[in-house]
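Need a 3D model of the sequence below.
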Amino acid sequence: AMGHGSTSDTLNPATIANGLQWVAAYGVANTLTELDAQGNLVGSLATEWGSSPDAKIWTFKLREGVEFHNGKTMTVDDVIASLNYHRGEASSSVGKPVMDAVTDITADGHAIVVTLATGNADFPFNFNEATFGIYPAKDNGIDWQAGGTGGYILTSEQPGRTYQFERNPNYWKEGAAHAASIELHSITDPAARQNALITGEVDCIDRVAVSYTHLRAHETRGNLV
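Sure thing, here's the model as predicted:
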């Protein structure tokens with residue numbers, strides 16, 4: 001259960017803004033890079049990357065043989081379309097401020113080349129954010145409703161209430177997505193969220209109120225996040 005959520009929520013990567021949307025988006029889609037448990041930047045859909053000496057031109061080599069939830073194999077065109085989705089003067093994407101620095105994205109075999117207006121040595125860190133999940137290209141845009149390449153397939157969605165997922169049987173990443181199914185619940189009231197944990201209705205919660213932090217794990221039957 002999470003203390004976020006609104007009935008107007010969608011999993012459109014251009015509009016995800018609250019924690020519940022971010023968690024759901026990370027479930028259905030992968031990003032080019034990600035942070036490991038120690039906070040180090042590691043590869044996800046990009047296996048390696050490097051830049052020109054001035055850090056203005058970045059090349060990301062893409063992982064091969066990755067499938068979207070709809071069965072389509074991910075191509076360089078899908079990656080370019082997913083990043084371009086946040087670009088352009090007409091874009092209202094939450095990712096637009098990051099992509100405003102990008103002047104061009106092109107393909108180089110099974111890699112993409114991103115050109116920036118000015119050098120940025122930390123630029124690859126931006127691509128670990130859920131906003132920049134990779135989805136199938138469609139009609140000069142992306143089909144985010146088809147799902148991405150993530151470990152979980154969305155099976156039921158009630159915005160502002162519940163998201164239900166099943167494990168992706170064709171997930172490319174080993175040692176991840178262990179649960180057969182997951183439910184995310186929006187419970188914005190702190191007392192109700194804690195009571196759901198205490199009674200065993202949910203396995204973990206976030207946004208724990210300071211007044212509840214004295215509780216021991218065995219009293220809550222779960223996890224305080």
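
where does the protein have its least confident helix or strand?
Lowest on mean pLDDT, DSSP states H and E among the helices and strands of the chain sits helix 217-220, with a mean of 51.

would you list every one of the helices in this protein?
Taking DSSP state H, the helices of the chain run over residues 19-28, 76-84, 96-99, 190-198, 217-220.

With distance to residue 5 and mean neighbour count as new columns, can those be given to me in TSV?
Heads up, the C-betas are built off the backbone N, CA and C, glycines and all. TSV is the format used below for the helices of the chain (distance: least, Cβ to Cβ, whole Å; neighbours: other Cβ atoms under 10 Å):
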stretch	distance to residue 5	mean neighbour count
helix 19-28	4	22
helix 76-84	25	20
helix 96-99	24	16
helix 190-198	11	17
helix 217-220	21	11
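
Residue 53: which of those helices is closest?
helix 96-99 (22.3 Å; Cβ to Cβ).

could I get that closest one in CSV with only the CA atoms?
What follows is helix 96-99 as a C-alpha-only set of coordinates in CSV (Å, rounded to 0.1, in the frame of the first residue of the first chain):
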residue,chain,number,x,y,z
LYS,A,96,10.9,17.4,-21.4
PRO,A,97,13.3,19.6,-19.3
VAL,A,98,15.9,16.8,-19.5
MET,A,99,15.3,16.2,-23.2
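
Which residues are in contact with the residue nearest to residue 9 when sequence neighbours are not counted?
Nearest non-adjacent residue to residue 9, counting by Cβ to Cβ, 6 or more residues apart in numbering: residue 159, 4.3 Å away. Neighbour list for residue 159: 5, 6, 7, 8, 9, 10 [criterion: Cβ atoms under 8 Å, 6 or more residues apart in numbering].

Give me the distance between residue 159 and residue 92.
19 Å (Cβ to Cβ, to the nearest Å).

per-residue confidence for the closest residue to residue 193 other than its chain neighbours?
Leaving aside its sequence neighbours, residue 193 sits nearest to residue 187 (Cβ to Cβ, 6+ apart; 4.3 Å). Looking at residue 187, its pLDDT stands at 96.

What of residue 13?
On the pLDDT scale, residue 13 is placed at 97.

go on, residue 56?
98.

what number of residues lie near it?
By other Cβ atoms under 10 Å, 17 other residues sit near residue 56.

Report the contact partners of it.
115, 116, 117, 118, 119, 120.

export those residues to a markdown table and tack on pLDDT and distance to residue 166?
Shown next, in a markdown table, are the contacts of residue 56 (pLDDT from 0 to 100; distance: Cβ to Cβ, whole Å):
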| residue | pLDDT | distance to residue 166 |
| --- | --- | --- |
| 115 | 98 | 39 |
| 116 | 98 | 39 |
| 117 | 97 | 42 |
| 118 | 97 | 44 |
| 119 | 97 | 43 |
| 120 | 98 | 38 |
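
could you flag which of these are buried?
Buried by 16 or more other Cβ atoms under 10 Å: 116, 120, out of these.

now, which of the contacts of residue 56 lie within strands?
Judged by DSSP state E, strands contain the following of the contacts of residue 56: 115, 116.

got TSV for the contacts of residue 56, with distance to residue 147 too?
Output for these, formatted as TSV (distance: Cβ to Cβ, whole Å):
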residue	distance to residue 147
115	30
116	30
117	33
118	35
119	35
120	30
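
Identify, from the contacts of residue 56, the entry nearest to residue 18.
Nearest to residue 18 among those, with distances taken as Cβ to Cβ, is residue 120, at 27.2 Å.
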